[in-house]
Every structure is written in structure tokens, then in C-alpha cells.
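> starting from these lines, generate the structure:
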Amino acid sequence: MDYIINDTNILIDIYDIDLIEEFFCLNFSFHTTDFVIDELVDTNQRDAYGLRIKSKQLQVKTHTAKEVIEIVSFKGEIGSNVSITDCSVLLFAHKTSYTLITGDGKLRNTAK
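As a prediction, the model looks like this:
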């Protein structure tokens with residue numbers, strides 16, 4: 001099975017085009033970070049992904065204080081204008097060798 005890390009805009013886009021059911025039927029292990037989940041401000045989106053988290057279709061990496069410091073340091077090292085949230089998924093992908101899925105051009109370019 002392939003492992004996928006999703007950023008915020010992918011989750012929002014999948015919700016907005018009403019493809020959540022189909023997305024989670026794909027043969028991947030889906031992951032994201034607590035930073036991404038915190039960016040989902042729309043109640044319906046949070047509820048929809050909350051169900052996927054409860055059913056373990058979407059795994060969420062929760063960061064410790066030490067890991068948050070590491071993310072902030074990583075952001076400084078890469079010298080990019082991507083957000084802390086983007087750095088959380090990028091660092092997670094880097095550490096795990098999971099595939100990062102993003103529609104964000106800045107994040108994609110930084111990941112390359």
C-alpha cells in the first residue's frame with residue numbers, strides 16, 4: 001500500500017468537489033498533521049474529516065512541543081515562504097518517505 005500525506009488545500013478541494021467517499025476508497029493509506037486539521041475552519045469539512053479520522057481512514061500526526069520546535073527550525077532551514085502547516089506536512093513526508101499530495105505551488109516547489 002502507498003502512503004499519502006495530504007495538505008490542507010487537498011482536503012478542502014476534495015470536500016468542495018464532493019469526492020470524499022471516492023477519495024477514501026482509493027487504495028492508499030491517508031495521513032495528515034494536526035496543523036492541517038486545525039486549518040479546517042468550516043464545520044461541515046471538520047465533521048466530514050472527523051468521521052474519516054474516527055474510522056481510521058485518515059491518520060493524523062499529532063505533534064509534541066519538541067516536534068513543533070523542530071518544524072519551526074525546519075522552516076528556518078529551508079528558507080521558504082511556506083507556512084508552518086505546510087512545513088509540518090513536508091517534514092512528515094521527508095521523515096517517513098510518504099508521498100506528499102498538494103495543490104499549493106509554493107509547497108510543491110519547496111518539496112522538490
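> what about residue 64, distance to residue 34?
Residue 64 is 10 Å from residue 34, where distance means Cβ to Cβ, to the nearest Å. Where C-beta positions appear, they are placed from N, C-alpha and C, glycine not excepted.
> check residue 86 too.
From residue 86 across to residue 34, the span is 14 Å (Cβ to Cβ).
> what ranges do the strands span in the protein?
2-6, 28-33, 58-61, 99-101 (DSSP state E).
> got those strands as JSON lines, with distance to residue 79 and mean pLDDT columns?
Output for these, formatted as JSON lines (distance: least, Cβ to Cβ, whole Å; pLDDT from 0 to 100):
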{"stretch": "strand 2-6", "distance to residue 79": "22", "mean pLDDT": "92"}
{"stretch": "strand 28-33", "distance to residue 79": "21", "mean pLDDT": "97"}
{"stretch": "strand 58-61", "distance to residue 79": "24", "mean pLDDT": "97"}
{"stretch": "strand 99-101", "distance to residue 79": "19", "mean pLDDT": "94"}
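> deepest-packed of those strands, please.
strand 28-33 (a mean of 22; mean count of other Cβ atoms under 10 Å).
> output that one as PDB, nothing but the C-alphas.
Below are the C-alpha coordinates for strand 28-33, written out as PDB (Å, rounded to 0.1, in the frame of the first residue of the first chain):
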ATOM      1  CA  PHE A  28      -3.800   4.400  -0.200                       C
ATOM      2  CA  SER A  29      -3.100   5.000   3.500                       C
ATOM      3  CA  PHE A  30      -4.000   8.600   4.000                       C
ATOM      4  CA  HIS A  31      -2.200  10.800   6.500                       C
ATOM      5  CA  THR A  32      -2.100  14.400   7.500                       C
ATOM      6  CA  THR A  33      -1.000  16.500  10.500                       C
END
